[in-house]
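[1] What shape does this take:
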Amino acid sequence: MKLEQQLLGHLSKLEPIHLELINESSSHGGYYPGKESHFKVIIVSDVFKGIRAVKRHQLVYTHVQHLLMAGGGSIHALALHTYSLEEWDGHVPTSPECAHAPKVQ
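    From the prediction side, this is the model:
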């Protein structure tokens with residue numbers, strides 16, 4: 001099963017109202033077609049209500065740690081944007097440029 005589907009499956013345990021997973025691997029060095037190493041997650045869930053950002057991220061990590069390189073998996077980077085329903089304004093944050101991204105000529 002692709003990492004993207006595995007991530008979505010584990011993140012769905014947080015009962016998201018909105019869940020968006022963007023594979024940003026092509027924007028980073030060493031990219032090849034099909035690579036799954038860098039992801040951006042936008043997740044809106046009532047479980048985040050009243051919880052600070054660090055605790056939200058820790059909660060997400062409990063569900064996906066085994067997919068991250070530090071946990072023995074293949075995901076190098078996971079950008080988390082976590083919101084309660086009251087905080088969500090529909091905006092998807094932009095990602096910074098990678099210094100080692102393949103240069104388009």
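
[2] how close does the residue sitting nearest the centre point of the chain get to residue 49?
    Central residue of the chain (CA atoms, centre = their mean): residue 41, 3.1 Å from the mean position. To residue 49, residue 41 is 18 Å away according to CB to CB, to the nearest Å. Where C-beta positions appear, they are placed from N, C-alpha and C, glycine not excepted.

[3] could I have the helix or strand hosting residue 58 exported to CSV, CA atoms only?
    Taking DSSP states H and E as the definition, residue 58 sits inside helix 53-64. Only the C-alpha atoms of helix 53-64 are listed here, as CSV (Å, rounded to 0.1, in the frame of the first residue of the first chain):
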residue,chain,number,x,y,z
ALA,A,53,-0.1,23.2,18.7
VAL,A,54,2.7,21.0,20.3
LYS,A,55,0.1,18.7,21.9
ARG,A,56,-1.8,18.5,18.6
HIS,A,57,1.4,17.5,16.7
GLN,A,58,2.2,14.9,19.4
LEU,A,59,-1.3,13.5,19.0
VAL,A,60,-0.8,13.2,15.2
TYR,A,61,2.6,11.6,15.7
THR,A,62,1.2,8.9,17.9
HIS,A,63,-0.8,7.7,14.9
VAL,A,64,1.9,8.0,12.2
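
[4] Residue 95 touches residue 77, doesn't it?
    No - taking CB atoms under 8 Å as the definition, residue 95 is not a contact partner of residue 77, at 9.8 Å.
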